Each structure stands twice: as structure tokens, then as C-alpha cells.
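Asks: need a 3D model of the following:
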Amino acid sequence: MKLRWFFSSSVRQASDMAGHVRRLLNAQRDILSPQAVEAVSAAIRDTRAALDANADADTLRKKMSQLEEVAGKWIKPYPNAEWRENIEVFLVAIAVAMSIRTFFLQPFKIPTGSMEPTLYGIECQDLRHQPGFKMPNALERFWDVIYRGAIYHEVIAPADGEVVRIDPLGHVFSIINRETIWVQYRGQSGAVPLAIWCGPDESPYGRTVALEQATGLMPGSTFNKGEPVFRFQEVTGDHLFVDRVTYNFRRPGRGDIVVFKTQGIPLIHDQTQFYIKRLIGLPGEKVSIGEDQHVRINGHRLDASTPHFQNVYGFNPNIPPQDGVMGFYNGHILQDRPESFLRTSADSLDVPPGNYVVFGDNTRNSSDSRYWQWLPQDNVIGRSSFVYWPVTPRFGWNSINW
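Replies: Predicted coordinates:
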């Protein structure tokens, strides 16, 4: 019979039906009458006997038909069976999704510009003073959101007025951010709220700074009738999957872009966040940053030929960089950040066992090991693997393997 199971669909169907009806009978045995239990049990036995006797397909189909008839007569139907089935499918889908997220691939969003130019966070561009700019139509704006992650915000002033106050950034259901700007129009007695609805962001500080730069508004700012109170484009940060499998089989390596928990790192104020940085120093190594913006590992200088550092050091030192992104900066180069543990090229970090040193690719705008020293190995949850949105030159697997 076991061998026939592989070659005969009738055998498989009869066997599955008998097993299914037996499970239903066992589940309802305490609420069924003895007559019902015996009738269903007899039908199951007849079907199993036919299977054991290697009955032909026609005989098996008759037995299945009789079993179905008996089960339909005596087995009690579940109430709202369709709802039960839909809920079961939904719960299974949730369980599968949570398992994938926990053990295999976890979605992550880049909140700030600390990893530019490898990975980009939220960017907001003020469009008020761009000559000839025309707000895209609804279809163009929809396409920009889907494809590039770009959202346009605009309010045209119906009258002259000024900004009265700007509320702190608020969250709605921990998914959407809302910035409220209160304006006073000439001839009106009260202030009017103007809401800016923004996408989700794990870093309220990064979002607030981006909005301040994009709107250019502050209490006391004035505007004229027919002019935009604000007009700017918001581009979402890169969304990627974090590979949570690889580090179960090997330790992180130099140059990996790792995602980690900040919990337990003493000098990080908000320990509820997840950070993403490039791994620089391994346990037992001495890490320093030279005045040429190149990292030294035990005195050995990293450059563009070092695996995974092409994007960091692939610049012409004679050409001023965009946004200050070129190599890694110590405290001497960044004179506005004197609290760095790497103040000069003579300073170094001696990485203790069980810890790493990590830097953002854009160290001009990054909170990293220069200010809080060590990343414990246990805090690392995975490495970046695939940028899935928006569709930019960084989209795909290779975008994180510079």
C-alpha cells in the first residue's frame, strides 16, 4: 500500500480523506452520539480495509463517496466555516512573515545621512526659490512616490501672513509623522494649522532637521498672498532587507555594513533605536584615523583597494567633496566635534575582545565609535543585503557591497 501511495492519486486521496474524517471524529467524539461515532468509525474502517486490500481505483472512489456521505450526515459542521478558514490562513501568513522577519530577512529603513554615499536617509529639498518649477500633476506625483519614494508638499498662501509657531514633530499610530505649522493670515483673528504629513521614520530628530531645512520656516517668517508658504520635495530613505542568517555561520568581517541594537551602549542616549554602520575594527586591533582621512588598522592604511571600501575612498583628494563625504574624519578635522575619542591621528581605539569599531561612511554626519567607542558583538543582528525601495542606482544586491 505504501508503494502504491506514490503512484496512485486515488490511494492518496482515500488515505487523506480517511485521516481527515478520523481527526474530525476525534475532535467531536464527546459531543456525538454513540450511534454517530460507530457509523463514522465503520465508514473509516471500510475505507482503510479497501486500501489495505489494494482495491482498484473504482472501489476506492465508491468507498470515499460512502465515507463522505456518512461524515456529512453525522459530523457536526463548524459554525462560520468560511470565517474560520480565512482567519486560519491569515494567522498562518502572519506566522510565516514573522518567522522570516525574525530568522531570515528583516526590513530596515535608513533614517539619516550617516551612510552616504552608500545608503541614503531622508532628504528634503526646498523648491520655493527654484525658477520655473511646476508642481507635478496627480499621476506624476503618484509615480514619483511608487518609483522614487518622492513626496511633494505645498501650501499656497490665500493672504499675507506670518508663522506664529511650529509644533514638535508628532507621530500617528507610530507609522506616520505629522508636523504642524501655525500661521496667522492678515485679517483673521486666530492662527490656522497647516499640517505636513510625512512618511514613517525611526528617527524623529533626523526628520525634524530635514523639515526645518526644507521649509526654511521659523516663528516670525512672513509670506505674501499667492506665494507658497512651503513647497518642498521629501525623498524617503533607502529601504533594505537585513540578512539575519549569515552571522549564524561566521563572524562579521571588516567592511560589512551591519545593523545593530543600541541597547546597552552607554554613551548612546536613545537606546531603543537600531543603527547601521560599516564595521571597521575587529577584536584585538588598534584603530586610528589619519589626517588624510584614511583609517589605520594596527598601523596599516586602508584605501580604495581594501575590499568593501571602494565607495568610501574612491575620491579625488584634489576635488572638494559633495556634502563633506570623503573618507573618515577624526576630531581634529571635525573641529566642531571635540568630544571624539579619536581627536588626532595619534589617538587610537584598542578594540577589546567581544567588541567592534564601526563608522558611518559619512563621518561628518554620523554618531559612531568615535563618540561611544565599542559595539558589542551580541548587539549585531545582521548585515544589509538588498535595497528594495526606492528604485535608484542603489537598488538591488550589489548596492551594499561597495
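
Asks: care to break the chain down by domain?
Replies: 2-74, 128-235, 239-400 (automatic domain parsing).

Asks: the helices in this protein, which residues?
Replies: In the chain, the helices defined using DSSP state H lie at 2-7, 9-28, 34-52, 57-74, 81-103, 138-148, 204-215, 310-313, 369-372.

Asks: closest to residue 331 out of the ones you listed?
Replies: helix 369-372 (7.3 Å; Cβ to Cβ). Where C-beta positions appear, they are placed from N, C-alpha and C, glycine not excepted.

Asks: for stretch 259-278, give the mean pLDDT please.
Replies: Averaging pLDDT along stretch 259-278 gives 90.

Asks: repeat that for stretch 110-119.
Replies: On average, stretch 110-119 scores 86.

Asks: and for the closest residue in space to residue 285 that isn't next to it in sequence, the neighbour number?
Replies: Spatial nearest neighbour of residue 285, excluding adjacent residues (Cβ to Cβ, 6 or more residues apart in numbering): residue 351 at 5.1 Å. For residue 351, the count of nearby residues is 22 (other Cβ atoms under 10 Å).

Asks: now do the contacts for residue 351.
Replies: 281-287, 357, 374 (Cβ atoms under 8 Å, 6 or more residues apart in numbering).

Asks: looking at the residues you listed, which one is closest to residue 151?
Replies: residue 357 (36.4 Å).

Asks: still on that earlier bit, for the residue nearest to residue 285, give me the pLDDT.
Replies: 97.

Asks: rewinding a little: okay, the contacts of residue 351 in CSV with neighbour count, distance to residue 29 and pLDDT next?
Replies: Formatted as CSV, the contacts of residue 351 follow (neighbours: other Cβ atoms under 10 Å; distance: Cβ to Cβ, whole Å; pLDDT from 0 to 100):
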residue, neighbour count, distance to residue 29, pLDDT
281, 25, 65, 96
282, 16, 62, 97
283, 14, 61, 96
284, 11, 65, 96
285, 18, 67, 97
286, 15, 72, 97
287, 25, 69, 97
357, 28, 64, 97
374, 20, 61, 94
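
Asks: which intervals of the stretch 251-400 of the chain have sub-threshold pLDDT?
Replies: Residue ranges of the stretch 251-400 of the chain with pLDDT under 70: 315-325, 335-338, 398-400.

Asks: tell me the bridge partners for the nearest residue to residue 246 once chain neighbours are set aside.
Replies: Leaving aside its chain neighbours, residue 246 sits nearest to residue 383 (6.2 Å; criterion: Cβ to Cβ, 6+ apart). Beta-bridge pairing for residue 383 (DSSP bridges): residue 243, residue 258.

Asks: burial count for residue 383?
Replies: Residue 383 has 21 nearby residues by other Cβ under 10 Å.

Asks: list the contacts of it.
Replies: 242-243, 246-247, 252, 256-259.

Asks: what's the pLDDT at the nearest residue to residue 70 once chain neighbours are set aside?
Replies: In space, and not counting its chain neighbours, residue 70 is closest to residue 43: 4.1 Å by Cβ to Cβ, 6+ apart. Here, the pLDDT recorded for residue 43 equals 92.

Asks: doesn't residue 21 make contact with residue 43?
Replies: Yes: Residue 43 is within contact range of residue 21, at 7.5 Å (criterion: Cβ atoms under 8 Å).

Asks: between the two, which contacts overlap?
Replies: Common contacts of residue 43 and residue 21 (Cβ under 8 Å, 6+ apart): 67, 71.

Asks: and the strands in the stretch 201-350 of the chain?
Replies: Along the stretch 201-350 of the chain, counting by DSSP state E, counting those that start in this stretch, strands occupy 222-223, 228-235, 239-243, 257-261, 274-281, 286-289, 295-297, 300-301, 349-350.

Asks: residue 32 is nearest to which of those?
Replies: Nearest to residue 32, of those and by Cβ to Cβ, is strand 239-243 at 49.8 Å.

Asks: tell me the angle of the closest one relative to strand 257-261?
Replies: Angle, strand 239-243 to strand 257-261, by axes from the mean of the first three to the mean of the last three Cα atoms, to 10 degrees: 80 degrees.

Asks: which elements pack onto strand 239-243?
Replies: Packing partners of strand 239-243 (3 or more Cβ pairs under 8 Å, 6 or more residues apart in numbering; DSSP states H and E): strand 105-109, strand 380-389.

Asks: make TSV out of these and add distance to residue 234.
Replies: Listed next are these as TSV, based on distance: least, Cβ to Cβ, whole Å:
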stretch	distance to residue 234
strand 105-109	14
strand 380-389	15
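
Asks: out of these, nearest to residue 312?
Replies: Closest among the helices and strands packed on strand 239-243, once you apply Cβ to Cβ, is strand 380-389, at 15.0 Å.

Asks: output that closest one as CSV - backbone C-alpha positions only.
Replies: Output in CSV follows, covering the C-alpha atoms of strand 380-389 (Å, rounded to 0.1, in the frame of the first residue of the first chain):
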residue,chain,number,x,y,z
VAL,A,380,24.7,42.9,15.9
ILE,A,381,21.5,41.5,14.4
GLY,A,382,22.6,41.1,10.8
ARG,A,383,24.1,42.7,7.7
SER,A,384,22.4,44.7,4.9
SER,A,385,21.6,42.6,1.9
PHE,A,386,19.1,44.1,-0.6
VAL,A,387,17.8,47.6,-1.2
TYR,A,388,14.2,47.0,-2.3
TRP,A,389,12.9,50.6,-2.4
